[in-house]
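Chemist: Sharing a model prediction with you, sequence too.
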Amino acid sequence: MKKLLIFFIFFSTGLYSQEKITISGTVYENTSNETLIGVSVYIPELNAGTSTNEYGFYSLTLPKGKYTVQISYLGFITIKEQIKLITNITKNFKLNEEAESLGEIVIQSDIEKLNVRTPQMSVNKLSSATIKKIPVVLGEADIIKSLLLFPGVTSAGEGASGFNVRGGAADQNLILLDEAIVFNSSHLFGFFSVFNPDVIKDVKLYKGGIPAKFGGRLSSVLDIYQKEGNSKDFNITGGIGLVSSRLLVEGPIEEEKSSFVVAGRASYAHLFLPLFNNDNKAYFYDLNSKINYRFNDRNNVFLSTYFGKDVFGVNESFVNDYGNTVLNLRWNHLFSDKIFSNLSLIYSDYFYGLTLDFVGFEWDSGITNFNLKYDFKNYLNDQFTLSYGINNIYSKFNPGEIVPNREDSGIQPEKLIDKYANEFAAYLSAEQRISEKLTFEYGLRYSNFSRLGQDEINSYENNNPVIYNEEFKRYESAEAIGINTYKRSDILASFQNFEPRFSLSYLVNEDSSVKMSYNRMVQYLHLLSNTSSPTPLDIWTPSGQFVKPQKLDQFAVGYFKSIKNGDYSLETEAFYKDIQNRIDYINGANLVANNEIETVILNGQARAYGLEVLVKKNEGDFTGWFAYTWSKSEQQTPGRTENEPGINSGEWYSTPFDKTHDLSLNGSYELSKKWTFNANFLFQTGQPTNYPVGQYEISGLNVPIYDDNRRNADRLPAYHRLDISATLTPEKNKNRTWQGEWVFGIYNVYGRQNAASINFRQNRETRRNEAVQTSIFGLVPSVTYNFKF
């Protein structure tokens with residue numbers, strides 16, 4: 001890695017050896033002093049530019065001379081300023097929102113031109129303002145639900161946790177909140193996401209062409225950053241809805257040097273259940289906080305936290321609680337005007353609890369990790385940028401513990417064996433502009449994963465935990481022949497992988513380009529689940545002696561065009577994904593409280609391919625987008641020997657997240673300063689499932705028969721719905737400190753009963769078989785009042 005770094009630096013400095021001057025600095029939002037991510041810093045005379053990083057920093061190295069610096073960001077007034085570069089300078093900029101500077105000319109075309117030029121592809125971005133406009137169920141603005149409107153992103157349906165990207169499983173998404181890993185992104189089993197939109201500054205979803213600094217998951221990276229807080233004035237923002245409310249407080253600790261932000265959110269629908277003699281409960285709450293201190297222009301410190309919890313109970317006999325806890329301490333340091341660094345110490349915990357009082361026990365499980373990251377970005381010149389860093393994650397897995405909660409329960413305490421692992425990674429990547437038309441981004445990530453010693457681990461005959469029963473023609477769990485014990489410092493299994501990343505952009509003309517990308521990803525952690533979407537009861541397990549790491553190779557090619565100076569844009573992409581060592585489950589696998597999980601899983605392969613189209617209207621009273629995806633997602637687990645049939649007779653079959661057609665429309669129309677209307681429409685091919693192929697009768701009951709060799713051969717009915725909303729901003733807001741707005745919404749306007757599942761049973765009265773469809777939502781109206789002062 002060191003030799004590779006020396007080569008990159010030597011190559012770049014030799015190629016561009018003439019004397020150059022560096023201009024660097026940070027771009028802020030003027031009213032709050034909040035740093036801005038992804039701002040375009042453009043030099044028209046040289047047709048060169050860059051964008052601000054996750055902390056608002058930029059750096060450009062240019063030949064001596066006089067230039068125009070153009071600072072542009074969607075929704076903000078563009079700044080144009082003449083500079084004379086004689087010596088290295090630090091130059092900070094502050095942008096004003098459009099609404100605050102009426103009459104100014106806003107130039108946004110260069111934002112699109114820069115996007116066309118960069119090799120970055122397969123990325124979707126969302127602002128907090130856009131998220132809040134999108135109509136959602138019960139009026140609760142939702143990041144995850146908003147992402148489902150983009151091509152290549154789907155879910156298992158209403159009330160389903162997680163999301164699926166380009167035919168991948170939900171556990172193949174790396175979800176980061178201020179760089180900290182979030183293991184469960186859902187409240188109330190998927191009805192809401194854990195991210196409070198009020199405190200979110202930037203949302204970016206990488207579906208392909210994933211930078212080398214990210215690793216550990218196969219399908220995508222959802223990178224979310226929280227606000228830093230207003231360092232000029234105190235502000236309070238909030239909203240009151242039908243099922244939940246939220247409140248955010250921000251302000252300076254030391255004006256323009258230090259700030260804080262605290263945001264809380266809670267649901268309260270359960271408080272009304274006793275009025276209807278209902279003892280059940282279902283609620284959530286979360287709390288975000290962040291403080292930062294700017295010591296000087298070269299040193300910033302951030303401390304951010306998140307805590308969220310869900311509680312679901314049926315009377316007092318069944319109580320389920322789960323949630324995430326995150327703590328992150330970061331230090332930004334500028335070694336020079338060309339080298340930016342960020343050091344992060346991160347703690348992340350996901351816990352799951354279950355109380356079954358009618359049985360008499362409590363269940364507890366979870367995963368905890370400690371993460372050290374040190375990232376560098378070296379802006380060598382306007383045509384060559386280096387990124388490099390290291391990352392180490394130590395993880396503890398608690399598969400589960402059963403404890404009796406009363407003396408007469410008869411339940412014996414039982415603890416599943418804890419598991420431990422350590423993952424180290426180092427990366428180096430470069431973005432290089434070869435010519436006016438051609439730009440490359442290439443890099444390499446090295447990962448080393450160690451499964452550490454644990455108290456007990458089973459051994460099996462021929463080291464094979466799953467056997468094939470020739471007589472009954474089925475896979476079965478093997479019996480352990482011994483138990484081995486290890487010290488924590490022992491290494492049970494170790495894996496090393498090199499993960500190359502490559503992407504390029506070729507400029508066809510000033511407004512269009514062709515892009516290509518390739519990335520290899522390796523995933524060492526696996527979510528054990530045989531349901532269509534994750535549940536809190538699912539358990540994370542590390543790779544080891546019997547569970548191999550998953551490996552992905554993804555190829556993508558696309559055409560990108562900016563139309564009418566960025567008023568419209570077109571993005572088309574085709575992708576192909578090949579996955580090795582994808583976990584599959586034998587028929588009848590029991591994943592709950594299983595201390596021998598290796599006895600019910602097999603390693604197979606998966607593939608996904610498709611075509612995505614995204615057309616956006618970015619300017620005018622009417623804005624929105626059209627997204628369409630055609631794709632296929634399949635899995636295969638062949639037999640390990642010639643005598644074994646494998647799963648599904650060794651044939652390819654549709655994964656639970658295979659959606660052939662996925663279409664969405666989103667539109668926003670600003671009728672006046674007072675009224676804004678929004679709508680979205682979704683259509684998806686029905687989710688793969690299994691229907692009975694026959695039946696047999698026992699004791700007068702008809703029991704359906706399923707064919708084990710027809711996995712996911714059937715489908716639920718197609719999913720579709722239309723949502724609308726209207727936002728009323730009173731005219732009296734204009735000259736008042738208190739700013740308020742009303743949001744009225746209807747989810748599923750025409751009341752489509754979309755199938756969450758279809759079950760087959762015998763009707764007790766007619767004694768005939770029947771299919772029973774379960775639907776989550778029909779038409780759901782909502783009203784929310786948002787305020788700020």
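Modeler: It's in.

Chemist: Tell me where the stretch 651-789 of the chain is predicted with low confidence.
Modeler: Along the stretch 651-789 of the chain, segments meeting pLDDT under 70 span 733-734.

Chemist: can you give me the strands in it?
Modeler: Applying DSSP state E, counting those that start in this stretch to the stretch 651-789 of the chain gives strands spanning 653-654, 661-670, 675-684, 688-689, 694-698, 701-705, 714-715, 719-728, 739-747, 755-762, 769-775, 780-788.

Chemist: Please apply the same query to the stretch 501-650 of the chain.
Modeler: So, for the stretch 501-650 of the chain - with DSSP E, counting those that start in this stretch - the strands run 512-523, 525-528, 539-542, 550-563, 568-585, 601-617, 622-636.

Chemist: how about the fifth one: buried residues?
Modeler: When you say that, I think you mean strand 568-585. 568-569, 571-573, 575, 577, 579, 581-585 (16 or more other C-beta atoms under 10 Å). Every C-beta, even on glycine, is put in place using the N, C-alpha and C of the backbone.

Chemist: so how far is residue 590 from the closest residue to residue 361 other than its chain neighbours?
Modeler: The spatial neighbour of residue 361 that comes closest, neighbours along the chain excluded (C-beta to C-beta, 6 or more residues apart in numbering), is residue 411 at 4.3 Å. Taking C-beta to C-beta, to the nearest Å as the measure, residue 411 falls 19 Å from residue 590.

Chemist: Of these two, which one has the most company?
Modeler: residue 411 (16 against 13; other C-beta atoms under 10 Å).

Chemist: Can you pull the phi/psi pair for that one?
Modeler: Main-chain dihedrals, residue 411, degrees, to the nearest 10: phi -90, psi 130.

Chemist: Show the pLDDT at residue 352.
Modeler: Looking at residue 352, its pLDDT reads 88.

Chemist: if I look at the residue nearest to the spatial centre of the chain, how far off is residue 708?
Modeler: Central residue of the chain (C-alpha atoms, centre = their mean): residue 222, 3.0 Å from the mean position. Separation of residue 222 from residue 708 (C-beta to C-beta) stands at 35 Å.

Chemist: that older thread, same list (the strands of the stretch 651-789 of the chain) but as a markdown table, adding distance to residue 513 and mean neighbour count.
Modeler: Shown next, in a markdown table, are the strands of the stretch 651-789 of the chain (distance: least, C-beta to C-beta, whole Å; neighbours: other C-beta atoms under 10 Å):
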| stretch | distance to residue 513 | mean neighbour count |
| --- | --- | --- |
| strand 653-654 | 34 | 20 |
| strand 661-670 | 25 | 18 |
| strand 675-684 | 29 | 19 |
| strand 688-689 | 36 | 19 |
| strand 694-698 | 55 | 9 |
| strand 701-705 | 54 | 14 |
| strand 714-715 | 37 | 16 |
| strand 719-728 | 34 | 19 |
| strand 739-747 | 38 | 19 |
| strand 755-762 | 42 | 16 |
| strand 769-775 | 44 | 12 |
| strand 780-788 | 39 | 17 |
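
Chemist: can you give me the strands for the stretch 1-150 of the chain?
Modeler: With DSSP E, counting those that start in this stretch as the criterion, the stretch 1-150 of the chain has strands spanning 20-29, 40-43, 48-51, 57-63, 65-72, 79-85, 89-90, 93-95, 123-126.

Chemist: how about these, which one is nearest residue 761?
Modeler: Of all the strands of the stretch 1-150 of the chain, strand 123-126 sits nearest to residue 761, with 41.4 Å by C-beta to C-beta.

Chemist: Within the sheet, what are the partner strands of that closest one, with directions?
Modeler: strand 200-206 (antiparallel) (DSSP bridges).

Chemist: Point out where the stretch 101-250 of the chain drops to low pLDDT.
Modeler: 101-114, 159.

Chemist: Is it correct that residue 30 is in contact with residue 79?
Modeler: No: assessed by C-beta atoms under 8 Å, residue 30 is found out of contact with residue 79, at 10.3 Å.

Chemist: which residues are in contact with both of the two?
Modeler: Both residue 30 and residue 79 are in contact with residue 95, where contact means C-beta atoms under 8 Å, 6 or more residues apart in numbering.

Chemist: could you dump the strands of the stretch 651-789 of the chain to a markdown table with distance to residue 444?
Modeler: Formatted as a markdown table, these follow (distance: least, C-beta to C-beta, whole Å):
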| stretch | distance to residue 444 |
| --- | --- |
| strand 653-654 | 34 |
| strand 661-670 | 33 |
| strand 675-684 | 37 |
| strand 688-689 | 37 |
| strand 694-698 | 54 |
| strand 701-705 | 52 |
| strand 714-715 | 41 |
| strand 719-728 | 41 |
| strand 739-747 | 46 |
| strand 755-762 | 43 |
| strand 769-775 | 48 |
| strand 780-788 | 46 |
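
Chemist: Just tell me which of those ends up closest to residue 279.
Modeler: Nearest of those (C-beta to C-beta): strand 769-775, 23.3 Å.

Chemist: Contacts for the closest one, please.
Modeler: 158, 695, 702, 704, 753-763.

Chemist: Do I have it right that the residue nearest to residue 361 meets residue 362?
Modeler: No: the pair residue 411 / residue 362 is not scored as a contact, 9.4 Å apart, by C-beta under 8 Å.

Chemist: okay, and the common contacts of those two?
Modeler: 402, 404.

Chemist: hang on, the earlier thing: make CSV from the buried residues of strand 568-585 and add pLDDT and distance to residue 629 to it.
Modeler: Shown next, in CSV, are the buried residues of strand 568-585 (pLDDT from 0 to 100; distance: C-beta to C-beta, whole Å):
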residue, pLDDT, distance to residue 629
568, 88, 20
569, 90, 17
571, 93, 12
572, 95, 11
573, 96, 9
575, 97, 10
577, 97, 13
579, 97, 18
581, 95, 26
582, 93, 21
583, 90, 25
584, 90, 25
585, 89, 27
